[in-house]
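**Q** Build the 3D model from these lines:
(one chain, ligands or ions: 2)
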Amino acid sequence: MSSHRLVVDLHLHSRYSLATSPQLNIQTLAGTAIEKGIDLLAAPDFTHPTWRKEMQTELEPAGNGVFRRKNGASSGATPVNGDLFSTEEPGSRPEPAFILTTEISCIWRQGGRSRRVHVLLMMPSFEAADRISQTLAAHQNLESDGRPMIKVSAADLYSMALEADERSVLFPAHAWTPWYGVYGSKSGFDSLEECFGEHTSRVPAVETGLSSNPHMNWSVSDIGDRAIVSFSDAHSPASMGRELTVLDAEPDYESVRSALFENRVVETIEFHPEHGKYHMNGHRKCDVRLSPEETPPDGRCPVCGRPMTLGVLHRISEIADLPHAQLTMRSGLLFGDEPRHRPFRQLVPLRELVAQALSAGVGAKKVAARRTALIDRFGDELAVLTTAPRDDLAEIGGDELANLIMAVREGDVEVEPGFDGVYGSVSARPASPAHV
Ligand SMILES: [Zn+2]
Ligand SMILES: [Zn+2]
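**A** Ligands and ions are numbered 1, 2, ... in the order given. This is a model prediction of the structure:
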């Protein structure tokens with residue numbers, strides 16, 4: 001893989017965040033990154049004291065603001081004549097780089113309302129992580145949650161981070177989610193300026209979250225030329241890499257930082273936005289799901305009369321002030337019509353496609369076995385989903401699965417949109433042989 005196509009997942013969690021998998025340690029994060037095709041991933045939850053020590057024990061500095069596993073590929077199996085398809089995993093595939101990036105939940109009052117905004121904070125060294133953690137420890141017991149809830153504004157947090165290290169980078173996470181998005185319907189703002197104040201120009205990027213895609217974000221002028229990025233926000237290894245950003249960057253802190261500020265996004269890998277759990281408006285208890293157009297003006301549930309959770313689609317349509325870009329699909333990538341529109345592709349996790357092809361549950365053993373066989377053959381999940389030739393896919397995975405993968409590449413999917421915390425579903429429509 002060219003060094004100028006760096007596949008990045010900056011929004012992850014460790015087992016020290018609430019409601020996360022106990023498997024999320026450094027070995028699993030690195031091993032899963034290799035399997036998924038991630039080149040650079042977050043060393044997450046870095047304000048958590050116990051976990052930070054664990055990371056410092058297991059990672060070593062690569063000398064440029066990123067880190068590598070101490071007991072990774074170098075001491076494991078050696079590459080066999082550059083054979084990418086060796087089944088001697090995971091040592092035969094390149095070792096991913098880690099970059100200190102953590103999610104923080106800011107809670108404060110502003111403009112007579114309670115505000116809750118999640119942000120991602122990237123820092124170049126464990127010393128910087130120590131310093132910001134010391135500052136934040138005055139506000140919160142950092143042992144209690146790897147994604148701490150801090151009673152400071154997002155702007156004040158940015159000031160603290162810059163004081164800890166002037167190379168710190170901070171930007172909003174899942175910007176549109178109702179409860180914790182900077183633009184969210186429940187406790188968010190109408191502009192980045194209202195939230196980040198004097199630091200607004202230092203906010204290089206906006207994370208779209210699962211329920212929105214770049215196309216939806218392009219129609220919001222407030223985002224401007226900022227990088228529109230996607231990451232997985234994984235709470236378990238299986239979810240890692242479900243959304244990714246490909247940067248024109250090296251695995252190096254300054255390179256990643258400048259790639260964000262200069263919007264050197266090559267492409268983003270997305271869920272279908274309908275897959276996310278806050279795409280449409282609705283009320284889960286009453287099983288009511290409505291589009292923005294179907295929603296009554298008072299935003300109340302037509303069944304029980306309580307306020308519905310207004311989803312991402314609704315919120316974007318409230319703030320959007322630019323015409324919708326025309327989308328064109330070429331080789332599985334969706335292109336807009338302006339230079340600032342970076343291409344993106346919308347995928348369905350391989351596990352789900354294999355389960356569909358085999359008519360089995362996603363947790364079934366045969367699903368895992370078929371998925372592993374494909375990954376061993378093509379190197380990683382991203383390669384299976386995006387570049388592996390159809391006939392080769394069919395040879396390992398069977399005709400049915402090959403057709404499903406091709407259907408997803410062509411955007412031929414059926415969707416059931418998510419709402420009010422309920423995930424949507426997206427399944428591939430098998431393509432006809434003439435189609436592929
Ligand atoms: Zn969050
Ligand atoms: Zn209701």
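**Q** What parts of the stretch 51-200 of the chain come near ligand 1?
**A** Neighbours of ligand 1 within the stretch 51-200 of the chain, by C-beta under 5 Å from the ion: 118, 173. In short, each C-beta sits where N, CA and C put it, glycine included.
**Q** ok, 8 Å please
**A** When proximity is defined by C-beta under 8 Å from the ion, the stretch 51-200 of the chain lies next to ligand 1 at 103, 105, 118, 147, 173-174, 177, 180.
**Q** Just the residues you listed: which are in strands?
**A** Cross-referencing these against strands under DSSP state E gives 103, 105, 118.
**Q** what sits against the last one?
**A** Looking back up the chat, that one is His118. 103-106, 147, 172-174, 177, 180-181 (C-beta atoms under 8 Å, 6 or more residues apart in numbering).
**Q** In CSV, list the residues of the stretch 51-200 of the chain next to ligand 1 along with pLDDT.
**A** As requested, those are arranged in CSV below (pLDDT from 0 to 100):
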residue, pLDDT
Glu103, 98
Ser105, 97
His118, 98
Arg147, 95
Ala173, 98
His174, 97
Thr177, 93
Tyr180, 95
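**Q** which one of those residues is nearest ligand 2?
**A** Thr177 (20.0 Å; C-beta to the ion).
**Q** ok, that closest one - how many residues close by?
**A** Residues contacting Thr177 under the criterion other C-beta atoms under 10 Å number 27.
**Q** Distance check, it against Gly418.
**A** For Thr177, the distance to Gly418 (C-beta to C-beta, to the nearest Å) stands at 11 Å.
**Q** now swap in Ala33 and tell me
**A** Taken as C-beta to C-beta, the span from Ala33 to Gly418 is 26 Å.
**Q** Okay, now the unreliable bits of this protein?
**A** Along the chain, segments meeting pLDDT under 70 span 1-3, 72-92, 431-436.
**Q** Show me the helices in it, by range?
**A** With DSSP state H as the criterion, the chain has helices at 26-36, 49-58, 126-137, 154-164, 192-196, 214-218, 253-261, 312-319, 350-358, 365-378, 381-386, 390-397, 399-409.
**Q** what would these look like in JSON lines with mean neighbour count and distance to Val229?
**A** JSON lines is the format used below for the helices of the chain (neighbours: other C-beta atoms under 10 Å; distance: least, C-beta to C-beta, whole Å):
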{"stretch": "helix 26-36", "mean neighbour count": "22", "distance to Val229": "17"}
{"stretch": "helix 49-58", "mean neighbour count": "17", "distance to Val229": "23"}
{"stretch": "helix 126-137", "mean neighbour count": "18", "distance to Val229": "21"}
{"stretch": "helix 154-164", "mean neighbour count": "20", "distance to Val229": "17"}
{"stretch": "helix 192-196", "mean neighbour count": "20", "distance to Val229": "14"}
{"stretch": "helix 214-218", "mean neighbour count": "22", "distance to Val229": "9"}
{"stretch": "helix 253-261", "mean neighbour count": "20", "distance to Val229": "7"}
{"stretch": "helix 312-319", "mean neighbour count": "22", "distance to Val229": "16"}
{"stretch": "helix 350-358", "mean neighbour count": "22", "distance to Val229": "22"}
{"stretch": "helix 365-378", "mean neighbour count": "18", "distance to Val229": "25"}
{"stretch": "helix 381-386", "mean neighbour count": "22", "distance to Val229": "16"}
{"stretch": "helix 390-397", "mean neighbour count": "17", "distance to Val229": "29"}
{"stretch": "helix 399-409", "mean neighbour count": "23", "distance to Val229": "21"}
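**Q** So for stretch 99-111, what gets flagged as buried?
**A** Neighbour counts using 16 or more other C-beta atoms under 10 Å place 99-108, 110 of stretch 99-111 among the buried residues.
**Q** Nearest to ligand 1, out of the residues you listed: which one, please.
**A** Within those, proximity to ligand 1 (C-beta to the ion) peaks at Glu103, which comes in at 5.4 Å.
**Q** Give me the domain ranges for this structure.
**A** Using automatic domain parsing, the domain parsing of the chain gives 6-275, 281-310, 349-435.
**Q** The last one near ligand 2 at all?
**A** Which is domain 349-435. No: against ligand 2, domain 349-435 shows no contacts by C-beta under 8 Å from the ion, the least distance being 9.2 Å.
**Q** Now look at that domain and say if it contacts ligand 1.
**A** No: for domain 349-435, no contact with ligand 1 is found by C-beta under 8 Å from the ion; the gap never falls below 13.5 Å.
**Q** likewise the shortest one?
**A** No: if you take C-beta under 8 Å from the ion as the test, domain 281-310 misses ligand 1, and the best it gets is 15.9 Å.
**Q** what's the span of that domain from first residue to last?
**A** 4 Å (C-alpha to C-alpha, to the nearest Å).
**Q** buried residues in it?
**A** Result for domain 281-310 [16+ other C-beta under 10 Å]: buried residues 281-283, 288-291, 295, 301, 308-310.
**Q** so which of those residues comes closest to Phe67?
**A** Nearest to Phe67 among the buried residues of domain 281-310 is Thr309, at 38.6 Å by C-beta to C-beta.
**Q** Now do the contacts for the closest residue to the closest one other than its chain neighbours.
**A** The shortest distance from Thr309 to any non-neighbouring residue, by C-beta to C-beta, 6 or more residues apart in numbering, is to Asp420 (4.2 Å). Going by C-beta under 8 Å, 6+ apart, Asp420 touches 277-278, 281-284, 289, 308-309, 311.
**Q** just checking, which of these belong to strands?
**A** Those of the contacts of Asp420 mapping onto strands are 281-283, 289, per DSSP E.
**Q** Tell me the one among those nearest to ligand 2.
**A** Closest to ligand 2, out of all of the ones in strands among the contacts of Asp420 and judged by C-beta to the ion, is His283, at 3.5 Å.
**Q** which residues does the closest one form a beta bridge with?
**A** His283 forms beta bridges with Val288, as assigned by DSSP bridges.
**Q** In this structure Val367 contacts Leu353, no?
**A** No: between Val367 and Leu353 there is no contact under C-beta atoms under 8 Å: 9.6 Å.
**Q** Enumerate the beta-bridge partners assigned to the closest residue to ligand 1 within the stretch 101-250 of the chain.
**A** For the stretch 101-250 of the chain, the residue closest to ligand 1 is His118, as judged by C-beta to the ion, at 3.7 Å. Beta-bridge partners for His118, by DSSP bridges, are Ser105.
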